[in-house]
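**Q** only geometry, no sequence info:
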């Protein structure tokens, strides 16, 4: 994540303001006022403003419900707040165990131009945000010059009003949602109610994300047990799956999948050869090419793997990708002869990554090829064995390493 700039609350309080910083802060004020006028935020009537607030709350609730990624959640909140109301600054700080508030997301005119001058940490015992984190009470500050806790940086360009709301998770303060404006009395009680509702929704979403994280740990434990069974028969397969899974997750993200969906692709990749537990060892570990009869037995592992995964409630949704991970784009794969986009996208991603990792890995019957040779092979089979769009994404990912 790009490190966001901090608010004036986080800025060093005693360092003199340089002429350069003053110019840039003045520029931030100019941009802020132009932005608000362009969006007709400032002159909006009360009813129009209330409707915008309600739409924002509904939109944020829906978008937060669609992700389990904490970084994505906090970025959504500040993006929506600043995007709708053109605040001078919208920021979220997380309270860490060392009693320090650390910035995790920031948007707004002040944020956009102040990156080189700011700190991203603030003691729990200083500033308005520190007070909010200590007391778990909202701070609606009509004039920052009248609040003894406000950390003054530059009286000429400092924000004049502030709204800071605690983000509560499991009964404890997780962090602070902070809004700032260059004019005094910019925030009302209605704004406080809206931001408190958004902070509550964010807290609930963070709680859900933590529950999902716990579930993922359970997934990982179960996966380890399953892959241990495979490793007992074929150590190459188990170690190979880790590499395939990591690469498949990155390719899934590159193709535009959400982090949640990309995690599912990773888990399916880890499991995609689990059906090999049903393949006789003399076939699985044969040092040379398989004959026709042996190949028929080997190919059964895709269907067996899909059936095994379908029996585990936590993994059942991954079963179609596991079963289809050896299908081919041209329909010549197995076990069902699926073709093109009838093959689940996760399976198409796994197939491409599996092909690459197999080429660059030593096998008992041949040495590893170079990454360059593997990429050339991927290009050759794109459109026949592999989905060409997935191959392009995989090659782009490999080139970025």
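**A** Alright, I've got the coordinates. Small disclaimer: the values here were computed from a predicted structure and weren't measured.
**Q** what ranges of the stretch 251-400 of the chain fall below the confidence cut-off?
**A** Applying pLDDT under 70 to the stretch 251-400 of the chain flags the ranges 363-365.
**Q** and the helices in it, which stretches?
**A** 259-271, 281-284, 292-310, 319-323, 345-359, 371-381, 388-400 (DSSP state H, counting those that start in this stretch).
**Q** next, format those helices as JSON lines and append distance to residue 176 and mean neighbour count.
**A** (Glycine included, C-beta is placed from N, CA and C.) Below are the helices of the stretch 251-400 of the chain laid out as JSON lines (distance: least, CB to CB, whole Å; neighbours: other CB atoms under 10 Å):
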{"stretch": "helix 259-271", "distance to residue 176": "24", "mean neighbour count": "23"}
{"stretch": "helix 281-284", "distance to residue 176": "56", "mean neighbour count": "14"}
{"stretch": "helix 292-310", "distance to residue 176": "43", "mean neighbour count": "17"}
{"stretch": "helix 319-323", "distance to residue 176": "41", "mean neighbour count": "24"}
{"stretch": "helix 345-359", "distance to residue 176": "38", "mean neighbour count": "25"}
{"stretch": "helix 371-381", "distance to residue 176": "46", "mean neighbour count": "15"}
{"stretch": "helix 388-400", "distance to residue 176": "35", "mean neighbour count": "17"}
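**Q** dump the ones you listed to a markdown table, plus distance to residue 243.
**A** Output for these, formatted as a markdown table (distance: least, CB to CB, whole Å):
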| stretch | distance to residue 243 |
| --- | --- |
| helix 259-271 | 9 |
| helix 281-284 | 19 |
| helix 292-310 | 18 |
| helix 319-323 | 17 |
| helix 345-359 | 5 |
| helix 371-381 | 12 |
| helix 388-400 | 12 |
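**Q** ok, which of those helices comes nearest residue 76?
**A** Across the helices of the stretch 251-400 of the chain, residue 76 has its closest neighbour in helix 259-271 (12.5 Å, CB to CB).
**Q** that closest one versus helix 345-359: what angle between them?
**A** Per axes from the mean of the first three to the mean of the last three CA atoms, to 10 degrees, the angle that helix 259-271 makes with helix 345-359 is 50 degrees.
**Q** can you give the domain ranges for this structure?
**A** Residue ranges for the domains of the chain, per automatic domain parsing: 19-209, 232-400.
**Q** quick one, which of these is nearest to residue 218?
**A** Closest to residue 218 of the domains of the chain is domain 232-400 (CB to CB; 7.1 Å).
**Q** ok, now which ones touch the closest residue in space to residue 310 that isn't next to it in sequence?
**A** With CB to CB, 6 or more residues apart in numbering as the criterion, residue 310 has its nearest non-adjacent residue at 3.9 Å, and that residue is residue 319. Residues in contact with residue 319, defined by CB atoms under 8 Å, 6 or more residues apart in numbering, are 306, 307, 309, 310.
**Q** nearest to residue 185 among those residues?
**A** Nearest member of the contacts of residue 319 to residue 185, counting by CB to CB, is residue 309, at 59.3 Å.
**Q** close enough to count as contact, that closest one and residue 272?
**A** No: with contact defined as CB atoms under 8 Å, residue 309 and residue 272 do not form a contacting pair (9.1 Å).
**Q** need the residues touching each of the two.
**A** residue 322.
**Q** quick one, strands of the stretch 51-200 of the chain?
**A** Assigned by DSSP state E, counting those that start in this stretch, the stretch 51-200 of the chain shows strands spanning 89-95, 100-107, 121-123, 139-141, 161-169, 172-181.
**Q** dump these into JSON lines; add mean neighbour count and distance to residue 387 as well.
**A** Shown next, in JSON lines, are the strands of the stretch 51-200 of the chain (neighbours: other CB atoms under 10 Å; distance: least, CB to CB, whole Å):
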{"stretch": "strand 89-95", "mean neighbour count": "27", "distance to residue 387": "38"}
{"stretch": "strand 100-107", "mean neighbour count": "23", "distance to residue 387": "35"}
{"stretch": "strand 121-123", "mean neighbour count": "17", "distance to residue 387": "45"}
{"stretch": "strand 139-141", "mean neighbour count": "20", "distance to residue 387": "53"}
{"stretch": "strand 161-169", "mean neighbour count": "24", "distance to residue 387": "41"}
{"stretch": "strand 172-181", "mean neighbour count": "24", "distance to residue 387": "41"}
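**Q** residue 191: which of these is closest?
**A** strand 161-169 (6.0 Å).
**Q** mind putting the domains of the chain in a markdown table, distance to residue 222 included?
**A** Converted to a markdown table, these look like this (distance: least, CB to CB, whole Å):
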| stretch | distance to residue 222 |
| --- | --- |
| domain 19-209 | 19 |
| domain 232-400 | 7 |
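**Q** and of those domains, who's closest to residue 217?
**A** Residue 217 lies closest to domain 232-400 among these, at 11.6 Å (CB to CB).
**Q** let me see the contact set for residue 67.
**A** Going by CB under 8 Å, 6+ apart, the list of residues near residue 67 reads 73, 76, 205, 258, 259, 260.
**Q** so which of those is the closest to residue 103?
**A** residue 73 (14.9 Å).
**Q** what would the contacts of residue 67 look like in JSON lines with distance to residue 96?
**A** JSON lines is the format used below for the contacts of residue 67 (distance: CB to CB, whole Å):
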{"residue": "73", "distance to residue 96": "17"}
{"residue": "76", "distance to residue 96": "21"}
{"residue": "205", "distance to residue 96": "19"}
{"residue": "258", "distance to residue 96": "27"}
{"residue": "259", "distance to residue 96": "22"}
{"residue": "260", "distance to residue 96": "25"}
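**Q** ok, so of those, who is nearest residue 372?
**A** The closest of the contacts of residue 67 to residue 372 turns out to be residue 259 (CB to CB; 30.6 Å).
**Q** right, and that closest one touches residue 68 too?
**A** Yes: between residue 259 and residue 68 a contact is recorded at 7.2 Å, counting by CB under 8 Å.
**Q** state the distance from residue 163 to residue 318.
**A** Here the criterion is CB to CB, to the nearest Å. By it, residue 163 lies 44 Å from residue 318.
**Q** err, residue 397, not the other one
**A** Per CB to CB, residue 397 is found 22 Å from residue 318.
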